[in-house]
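Asker: 3D, please:
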Amino acid sequence: MRKWTLLLGALFLLVTGFGAWSATLQWQRAELIDNTGVRVTGVVSRIVDPGTKYEKQEITYTVDGRRHTMVKNLDTDLSHPKRGHRVCLEAARTRPEVVRLCGDHYPQGDDMFPVYVLVAVFSTAGLLFVLGYLVIGARQARAIGLAA
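Answerer: Numbering: from 1, shown residues only. Okay, the predicted model is just below:
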């Protein structure tokens, strides 16, 4: 039983680390775009996995004379972007591969940052629960050993 508890604790620790790292990375990239951002127009150059639920658009854009490409799902309920569709983007001038849609606050979209934060918070709560379980179990085992 203790082995599984330790494995569960390690899993919670990994998930906490991933959530915190991802949220921090999104925050840093958003600040980079906010501080050095340039607004550019991207063009949908091709459709990736057309006709599937994983359909995404490959968007080509130019920053300081250099051409860059990103793949993003632009699909909304109102429109289905096709080849040649123009998209407003904000890119970091110092690192043009860091890009987001105009109006978003984070490079992976405004929905992903809260998800990463919630993953980190809930997995930290799970980690603390496992640690508490281990501490209580260790205290009970010591109390039983002292009483015998």
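
Asker: which helices and strands sit right next to the strand or helix carrying Val43?
Answerer: Element membership for Val43 (DSSP states H and E) is strand 37-48. Of the remaining helices and strands, those touching strand 37-48 by 3 or more C-beta pairs under 8 Å, 6 or more residues apart in numbering; DSSP states H and E are strand 56-63, strand 66-72, strand 86-92. Every residue, glycine included, has its C-beta placed from N, CA and C.

Asker: now do the second one against strand 86-92, angle only.
Answerer: Orientation check (axes from the mean of the first three to the mean of the last three C-alpha atoms, to 10 degrees): strand 66-72 against strand 86-92 gives 110 degrees.

Asker: same thing with the longest one?
Answerer: Here strand 56-63 runs at 60 degrees with respect to strand 86-92, directions being taken by the same axes, to 10 degrees.

Asker: just the buried positions in strand 56-63, please.
Answerer: Buried residues in strand 56-63, defined by neighbour count with 16 or more other C-beta atoms under 10 Å: 56-59, 61, 63.
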